[in-house]
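In: Got a predicted model here, sequence first, then my questions.
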Amino acid sequence: MGKEINFRLTELLATCGNERQFPQTDHSKPEIVLAGKSNVGKSMLINALAGSKKLAYTSQTPGKTRLVNFFETDQALRLVDIPGYGYARVTSGVRAEYSDLTDRYLTGGRPLAHILLLLDSRHEPGELDWQMMDWLQSLGHPWSVILTKIDKLSRQKLREQERLIRSLIVSNYSLTEGELTLHSVSAQKNIGIRELRQFLAYLIGARAKRTD
Ligand SMILES: Nc1nc2c(ncn2[C@@H]2O[C@H](COP(=O)(O)OP(=O)(O)OP(=O)(O)O)[C@@H](O)[C@H]2O)c(=O)[nH]1
Ligand SMILES: [Mg+2]
């Protein structure tokens, strides 16, 4: 655990519309993936982790991130923003294309350290979230849950949602409580971000540098 990671040293590495554009794998830079429905807050969370407002493109218009974006943090890890699933306003053909690129990424033999599945803290997981979790379970990659936009809930309501969502997932996959890690964040209000940096650093055997 000697290494320290400075998340403020996060840069865009590559923006990929197809598999050939993926950067060469580097096993000294494990990849941490952000997956989740369009508009759940993936891009904004990358910005919050990096302490930068404009690193990853965020938008009011769902489905803007149609590419796999690779970011590199302090030459120690990569954050990978994969296209949001479930954007109803694109045609099914385009939707298939998105999930195809995501599929190629997830099954491409990359050094995947962990997948963060983002869920909106205000809602129970929807059909597409369950499909994504089923997929992650079947691929056998380690994954955990991030509840986003918690600034929209009272503290008490958040506790209720955490309990509910945790119990739904634990029972659906017959997990023990300890097998499901769940973090709650607000990228907008910078809540839970420092803890999440620590968790990500821990996943790759390092520590997050205190920068705030
Ligand atoms: N209140 C609140 N709004 C947030 C938070 N995080 C993201 N948002 C808003 O949610 C919307 C979508 O955020 P993005 O980060 O662009 O979502 P995304 O998951 O990258 O979406 P796609 O790129 O379409 O897959 C934006 O309008 C953000 O301002 C948060 O922590 N709190
Ligand atoms: Mg995005």
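Out: Nice, thanks for sending it over. Ligands and ions are numbered 1, 2, ... in the order given.

In: use CA for all of it now, contacts and neighbours both
Out: Will do.

In: Just the pLDDT for the closest residue to residue 3 other than its chain neighbours.
Out: Spatially, and ignoring its direct neighbours in sequence, residue 3 is nearest to residue 206 (4.9 Å; CA to CA, 6 or more residues apart in numbering). You'll see residue 206 listed with a pLDDT of 87.

In: Surely residue 206 and residue 6 touch.
Out: No: Residue 206 lies out of contact with residue 6 (CA atoms under 8 Å); the separation is 10.5 Å.

In: which helix of this structure spans the most residues?
Out: helix 155-172 (DSSP state H).

In: what's the weakest-modelled helix or strand in the protein?
Out: Every helix and strand in the chain was compared by mean pLDDT, DSSP states H and E; the lowest is helix 92-106, with a mean of 67.

In: so, in contact with ligand 2 or not, the helix or strand just after that one?
Out: For helix 92-106, the following helix or strand on the C-terminal side (DSSP states H and E) is strand 112-120. No: no part of strand 112-120 sits near ligand 2 under the criterion CA under 5 Å from the ion; the closest distance found is 11.7 Å.

In: Next, count neighbours for the residue nearest to residue 3.
Out: 17 (other CA atoms under 10 Å).

In: Distance check, it against ligand 2.
Out: Between residue 206 and ligand 2 the computed distance is 27 Å (CA to the ion, to the nearest Å).

In: cool, and residue 181?
Out: Counting by CA to the ion, the gap from residue 181 to ligand 2 is 23 Å.

In: Burial check on that residue, number of neighbours?
Out: So residue 181, with other CA under 10 Å, has 12 neighbours.

In: quick one, what contacts the nearest residue to it once chain neighbours are set aside?
Out: Setting aside the residues directly before and after it, residue 181 is nearest to residue 144 in space (CA to CA, 6+ apart), at 5.2 Å. Residues near residue 144 by CA atoms under 8 Å, 6 or more residues apart in numbering: 114-117, 180-182.

In: Looks to me like residue 144 is in a strand.
Out: Yes: secondary structure of residue 144 (DSSP: H, G, I helix; E, B strand; the rest coil): part of a strand.

In: Quick check: phi and psi at the residue nearest to the spatial centre of the chain.
Out: For the chain, the residue nearest the mean C-alpha position is residue 34 (2.0 Å; CA atoms, centre = their mean). The phi and psi values for residue 34, taken as degrees, to the nearest 10, are phi -110, psi 120.

In: shaky segments in this structure?
Out: Residues of the chain meeting the criterion pLDDT under 70: 1-2, 58-65, 86-99.

In: ranges for the strands of it?
Out: 4-5, 10-16, 31-36, 68-73, 77-81, 112-120, 143-148, 182-184, 207-208 (DSSP state E).

In: In a markdown table, list those strands along with distance to ligand 1.
Out: A markdown table is the format used below for these (distance: least, CA to the nearest ligand atom, whole Å):
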| stretch | distance to ligand 1 |
| --- | --- |
| strand 4-5 | 23 |
| strand 10-16 | 13 |
| strand 31-36 | 6 |
| strand 68-73 | 10 |
| strand 77-81 | 8 |
| strand 112-120 | 8 |
| strand 143-148 | 6 |
| strand 182-184 | 10 |
| strand 207-208 | 21 |
